[in-house]
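>>> pasted the sequence and its predicted model underneath.
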Amino acid sequence: MFAHCADPSSLQGLAWLVCYLTTGTHLALYSSVGTVLLLLAVTAPVALAFGYAGAMAARSQLLPLRWLGQLYMAMVRGIPDIVFFLFFVIALDQGLEWTLHQIRCPDWTEPVRQGLEFRVCPAAKIPPNDAPQWVHQYYGFGLAVFTFALVFGAFAANVLSGAMAAVPRAQLETAEAYGMSPRQVTRRVLLPQMWIYALPGLSNLWLILVKATPLLFLLGVRDVVYWARELGGSKTSAYAYPHPDWRLWYFLGLLVFYLVLTRISEIGLTRITRRLSRGQATAAGEAQRRAEGAAA
């Protein structure tokens, strides 16, 4: 990155360390931090949307829809995350390619399943083999977001369903007595009231999502765990910057990164809880009213 870094063998001490930490691979490590943060920023609202849809389906008056919502929550929550991540991504990828294969290559005579291999025609590959590398990276990231959202959406659905059940029934009946339609009751009474009950569970779910981001490594996305392992491993004199096994220090840096991210999350969630508790008939809301009364 710097002109004086052109000859690493002539560097010593701090100059060597500065040049080492600004190599192209280390810049990829720093950008992978952005990948983790982007995953969280995109996955959280998508998972919440999946959870809301699952919770509403589980509360539906239509029996098939209610069964579908309950099946979604039970199936995803009952399968270990690592198994679901490894299976679902492969199944989704092959399912998409098989569908395109049937559409674009109807005259293909070779079997798609050839022993342990899955082969489709070149026109059905997703993304195409000749696509730029960034297309492959964005496709892998998109699969990761969808898989994370599907898994954590099931947990969010369970949390939201319980929060909806915690809203006092008397409030819903009062709204119905005033002539509100079921949709109006849901939008104006149920949803605004449920968030304070759902927030503790959603807060825990967010922190679990933060800790689960290293699973990106299993999905083929080069995240911070991948680069920490690659850069921390011992490098011989065949490399520009030879060093012994430094994985301990790289993973210690990851530990600090996740602890800082967790602490920032806790501060933000505490403020949201305080804001939503205002005026609510909960322990936190009562504590706020007593504090305001004492201050007055």
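Everything's here; your move.

>>> let me see the contact set for residue 179.
Counting by CB atoms under 8 Å, 6 or more residues apart in numbering, residue 179 touches no other residue. All C-beta spots, glycine's among them, are computed from the backbone N, C-alpha and C.

>>> does it count as helix, strand or coil?
With DSSP: H, G, I helix; E, B strand; the rest coil as the basis, residue 179 sits in coil.

>>> just the helices in the stretch 1-150 of the chain please.
13-21, 24-58, 63-77, 81-104, 133-166 (DSSP state H, counting those that start in this stretch).

>>> let me have the ones you listed in CSV, extended by mean pLDDT and distance to residue 228.
Output for these, formatted as CSV (pLDDT from 0 to 100; distance: least, CB to CB, whole Å):
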stretch, mean pLDDT, distance to residue 228
helix 13-21, 78, 13
helix 24-58, 89, 7
helix 63-77, 86, 29
helix 81-104, 83, 19
helix 133-166, 87, 18
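
>>> pick the most buried one from the ones you listed.
Using mean count of other CB atoms under 10 Å, the stretch among those with the largest mean neighbour count is helix 133-166, at a mean of 19.

>>> helices or strands next to that one in the packing?
helix 24-58, helix 63-77, helix 81-104, helix 191-212 (3 or more CB pairs under 8 Å, 6 or more residues apart in numbering; DSSP states H and E).

>>> what's the burial count for the closest residue to residue 28 other than its chain neighbours?
Spatial nearest neighbour of residue 28, excluding adjacent residues (CB to CB, 6 or more residues apart in numbering): residue 227 at 6.1 Å. Neighbours of residue 227 under the rule other CB atoms under 10 Å: 21.

>>> wouldn't residue 227 be in contact with residue 32 here?
Yes - in this structure residue 227 lies within contact range of residue 32 using CB atoms under 8 Å: 5.5 Å.

>>> ok, and what's touching the strand or helix carrying the residue nearest to residue 28?
Element membership for residue 227 (DSSP states H and E) is helix 224-232. Here helix 224-232 makes contact (CB under 8 Å, 6+ apart) with 25-26, 28-29, 32-33, 35-36, 214, 216-217, 245-251, 253-254, 257.

>>> identify each buried residue in that helix, please.
224, 225, 226, 227, 228, 231, 232 (16 or more other CB atoms under 10 Å).

>>> which SSE is immediately downstream of that helix?
Next helix or strand after helix 224-232 toward the C-terminus (DSSP H and E): helix 247-277.

>>> and that next one with helix 224-232, angle?
If you take axes from the mean of the first three to the mean of the last three CA atoms, to 10 degrees, helix 247-277 sits at 160 degrees to helix 224-232.

>>> distance from the chain centre to helix 247-277, please.
Taking the mean of its C-alpha atoms, helix 247-277 sits 15 Å from the chain's own mean (CA atoms, centre = their mean, to the nearest Å).

>>> what helices and strands are in contact with that helix?
helix 191-212, helix 224-232, helix 283-295.

>>> tell me the most buried of those helices?
helix 224-232 (a mean of 19).

>>> so that helix versus helix 13-21, what angle?
Calculated by the same axes, to 10 degrees, helix 224-232 forms an angle of 130 degrees with helix 13-21.

>>> how about helix 224-232 as CSV, C-alpha atoms only?
Output of helix 224-232 as CSV, limited to C-alpha atoms (Å, rounded to 0.1, in the frame of the first residue of the first chain):
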residue,chain,number,x,y,z
VAL,A,224,-13.7,-12.3,9.4
VAL,A,225,-13.3,-15.9,10.6
TYR,A,226,-12.0,-17.0,7.2
TRP,A,227,-9.4,-14.2,7.0
ALA,A,228,-8.3,-14.6,10.6
ARG,A,229,-7.6,-18.2,10.0
GLU,A,230,-5.8,-17.6,6.7
LEU,A,231,-3.7,-14.6,7.8
GLY,A,232,-3.0,-16.0,11.3
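
>>> could I get the contacting residues of the nearest residue to residue 184 once chain neighbours are set aside?
Closest residue in space to residue 184, ignoring its immediate chain neighbours: residue 175 at 7.3 Å, by CB to CB, 6+ apart. Neighbour list for residue 175: 184, 185, 188, 189 [criterion: CB under 8 Å, 6+ apart].

>>> state the distance from the third one to residue 78.
If I follow you right, that is residue 188. Remark: distance between residue 188 and residue 78 (CB to CB, to the nearest Å) = 35 Å.

>>> ok, now the last one?
Using CB to CB, one obtains 32 Å as the distance from residue 189 to residue 78.

>>> so which bits of stretch 169-185 are buried?
Across stretch 169-185, burial judged by 16+ other CB under 10 Å covers 172, 175, 180, 185.

>>> no further questions, thank you.
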